[in-house]
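Quick one, fold the following:
(chains A and B)
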2 protein chains.
Amino acid sequence: MKNADILIIGGGPAGMVASATSRQYYPDKKVIVVKKFEKSLVPCGIPYVFGNMLDSPHDDMIPCGEMAEKMGVELHEDEIVELDFERRIAIGKGGEEYGYEKLILATGSVPREPAIENFDAEGVFFVPKNPDYILEMHGKIENMSEIAVIGTGFIGVEIAGELAEKGKKVHLVGSRLLKHAFDPELSEYMETQMLHDSVSFHKDKRTKRIIVDENGRACGVEFTDGEKIECDGVVLATGYRPQTELAKKSGLSMRTGNTIYVDEYMRTSQPDVFAIGDCAEKRHFLTKRTVPIMLASTATAEARVAAANLYKINIVKSFSGTIDVFSTVLGNTCFGSAGITEEDAAKEEINTVSATVIVDGKHPSKLPNNHKQAVRLVAMANSGIVIGAQVIGGIDTGEMINILGVIIEKRMTVYDLLNLQVATHPLLTSGPTSYPIIQAAQNIAVQHISC
Amino acid sequence: MKNADILIIGGGPAGMVASATSRQYYPDKKVIVVKKFEKSLVPCGIPYVFGNMLDSPHDDMIPCGEMAEKMGVELHEDEIVELDFERRIAIGKGGEEYGYEKLILATGSVPREPAIENFDAEGVFFVPKNPDYILEMHGKIENMSEIAVIGTGFIGVEIAGELAEKGKKVHLVGSRLLKHAFDPELSEYMETQMLHDSVSFHKDKRTKRIIVDENGRACGVEFTDGEKIECDGVVLATGYRPQTELAKKSGLSMRTGNTIYVDEYMRTSQPDVFAIGDCAEKRHFLTKRTVPIMLASTATAEARVAAANLYKINIVKSFSGTIDVFSTVLGNTCFGSAGITEEDAAKEEINTVSATVIVDGKHPSKLPNNHKQAVRLVAMANSGIVIGAQVIGGIDTGEMINILGVIIEKRMTVYDLLNLQVATHPLLTSGPTSYPIIQAAQNIAVQHISC
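Got it, this is the predicted structure:
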């Protein structure tokens, strides 16, 4: 029997931040993390192990054991198979018992099995956050030359891009790119950026089955319309599901999509038991519906709320729903999105007004490495509250979308943005005369005022 | 007699944004801009014309004539020497009269003459926003090999860096680098980044006089302690003063430091006359004192307020004082600052608490072009309201400091930041587990809660 004060199940970003934060707020408590693998993959780094940027999957691994030791946290490689809330223990698959005062579930997510025939054939890969799997997959993909990537969310698009960089012939299959993060015109621009000679985009095709050869190995893909393509490997980037079997069988209240019910402080239906990250329910900041958003940044925000408030309310959760702030890179262009798209807002019958502004990302534009920068703002038609934003540009897009995240989180209106004070610098930003967040806000405000 | 509805005097960033914004809000009004030169220099781009990034000062010039034509604005190259508020006219130096309904003064700033002997000698340069001057200066500096740069604010530090890049031997003279934007520990780090073999930093030396040769040409600098250095050129980056002689002699109310009095809507003491940018008074967001802050980004924010509200209040000014958001680049490292430093806060007897967090700017850290990223937050000790921030890092520092600008402008506390939702991406940002704005806030909050 190992006795923890604070027991954390899962050692992904949420679990590790929960352990660090617990140590900061409650330095006298003993913290134990139980995780399946000693090392963790940086989840959003996984696509990049298949390109030229990292030498091997090892470069994407976090030495959680070392980190835990530095933090004064005990880490055990084990898999919890049973929870006993009465006795306040978690039981490992070898029978080891872990006692707790406070329990945090951070069991994450695993790839969803798609409705595609032969998805389990040899040469077909998922993209799980499992270091051993990714190492093996990496080795096998090295020897393949033509690969079908099914799915056009972030993971699919990023892996397709990296495999193409690596010299593979890539077939990308799915709907328009990143459709939940970008409105159609920006999605289309994205296509022009990522689709070069070595990527064929089979747009709006749905996959019926993986075609296998006489040895049971994947050798092609058949779409629902009967069209077939050849390949020697398939990557299924068809989404993830919360890993919540343990929670469910332990009797915790569950919510839509097999997520664990949590309140504003990440408390489950069971006293002293918390859930954070991909396994916990997420609600949308605007529609307040349950949404399948799985982001490490949201997970770590939840980890900080849960850990701070384990023994008493120390901090008030400052957000009431996920605003879904994303960024990614395709080729030399970066893409960011926050909040809701205009298309998704229309589906919810929200009246919106939007403006897109395109400027030079440096000023004067003749400076080296200048990159065009497009900012689209989506605001509520009545109040002018900013509810969505999309950015395309250079490397600073990653932090620019975070400005817009704060703007949405703080429910700022386009009027608040009209004379926002920002730093502009020739080598770092667009000019003060054209700073695109402000200019887009002004373009919306002018329409508003004149009507 | 030329009759405008809206007459703008000055065509720097403030004047040009005022004209564009006037056109947007009042498309039926005739807008005339009167400026001294047809072209304008991008003010903060001036240092970069002396390095390797731009081929010539022409690359830093904005063709205001063309821009005006596109906007439907009339532009006249002239210098206004008299204002007659009774007759509602401005008079040019050749006697040309310009009528107006609404007048905006955007007359900017010019270099301040320092208390240094021989500052007007041959081979001594100021850094005015005058295209002809900069062109001539650029030509002369090309042939110089050892240059003293006096002043360690942004312009001095940037020009010194660029001249060194260009292969000149540079003497930089002044107090610690950018002392009003960075606390001492960050200033010192900045020294290590910019001072390489070709830059000698004469720290805390004050310049008494420019030494001139028998032909009256600058050939050295003498400090107040008697030490002398040799050089063949001198750049005086010793600050700017508002260009407000015209306003003053016209009888407008003036404020500290020869700035024009303006209210929240940028209205002067005279009906229908507005002032914006460097010539107008600036007050500090926190201390509410008049401050000599001259930033194009602040100027353009004021331009948008004034222009929108020329004929009626259309928009409410969303800031009540300048928060002084800056960024710059020295070598391969970028620096940003917003709000007040801890040192300046102490001078105002404001009790503060601060934290500095240093992380990798990409995750995993083995990705190419990873750059260390340091974030320092300064908060009020009682309320936890963030009043200052400093960032050192890669190219994304420019937008990261703008996140902090919004945080300060919206009076957010460290508690608001504890679970801020941000996008993190391997190639674009630090990891979700260590995002430094959040981590610095947590380090402050923990101290706060435990006491």
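
quick one: pLDDT of A:F37?
We have a pLDDT of 89 for A:F37.

got it, and A:G167?
pLDDT at A:G167 comes out at 93.

and A:E142, how many neighbours?
Neighbour count for A:E142, taken as other Cβ atoms under 10 Å in any protein chain shown: 10. Quick note: C-beta positions are derived from backbone N, CA and C, even for glycine.

ditto for A:N369
12.

With A:H371 instead?
16.

before we move on, could you check phi and psi at A:L428?
phi -120, psi -30 (degrees, to the nearest 10).

Identify the residues contacting the spatially closest residue to it that is not a sequence neighbour.
Closest residue to A:L428 apart from its sequence neighbours, by Cβ to Cβ, 6 or more residues apart in numbering or on different chains: B:G398 at 2.8 Å. Contact analysis of B:G398 by Cβ atoms under 8 Å, 6 or more residues apart in numbering or on different chains lists A:D396, A:A423, A:T424, A:H425, A:L427, A:L428, A:T429, B:S327, B:C334, B:G336.

Kindly report the same for A:G51.
A:G161, A:E162, A:L163, A:E165, A:K166.

List the contacts of the helix or strand the third one falls within.
Think A:L163. Under the criterion DSSP states H and E, the helix or strand holding A:L163 is helix A:154-165. Helix A:154-165 is contacted from outside by A:44, A:46-48, A:50-53, A:127, A:141, A:147, A:149-150, A:170, A:172, A:174, A:177-178, A:181, A:190, A:194, A:196, A:198-199, A:235, A:237-238, A:326, A:328-331, using Cβ under 8 Å, 6+ apart.

Point out the other helices and strands that the helix or strand immediately after that helix in the chain packs with.
Following helix A:154-165 in sequence order, the next helix or strand is strand A:169-174 (DSSP H and E). Helices and strands touching strand A:169-174, by 3 or more Cβ pairs under 8 Å, 6 or more residues apart in numbering or on different chains; DSSP states H and E, are strand A:146-150, helix A:154-165, strand A:199-203, strand A:218-223.

buried ones in the longest one?
For helix A:154-165, burial by neighbour count (16 or more other Cβ atoms under 10 Å in any protein chain shown) applies to A:F154, A:I155, A:G156, A:V157, A:E158, A:I159, A:A160, A:G161, A:E162, A:L163, A:A164, A:E165.

how about the nearest residue to A:F223, chain neighbours excluded?
Using Cβ to Cβ, 6+ apart, the closest residue to A:F223 is A:K205 (4.4 Å).

what does A:A181 give?
Distances taken as Cβ to Cβ, 6+ apart place A:S337 nearest to A:A181, at 3.7 Å, with adjacent residues excluded.

And the next helix or strand past the helix or strand harbouring the one you found?
Using DSSP H and E, A:S337 maps to strand A:333-339. As assigned by DSSP H and E, the chain's next helix or strand after strand A:333-339 is helix A:342-347.

From the chain's centroid, how far away is that next one?
Distance of helix A:342-347 from the chain centroid (Cα atoms, centre = their mean, to the nearest Å) equals 21 Å.

Which strands or helices does that helix pack on?
So helix A:342-347, by 3+ Cβ pairs under 8 Å, 6+ apart, packs with strand A:352-360, strand A:386-393.

mean confidence score for that helix?
Rounded mean pLDDT across helix A:342-347 is 96.

how far away is A:S354 from A:C64?
From A:S354 across to A:C64, the span is 43 Å (Cβ to Cβ, to the nearest Å).

got the contact list for the residue nearest the centre of chain A?
Most central in chain A under Cα atoms, centre = their mean is A:L295, positioned 3.2 Å from the mean C-alpha point. Contacts for A:L295 (Cβ under 8 Å, 6+ apart) come out as A:T322, A:D324, A:V325, A:F326, B:A423, B:P432.
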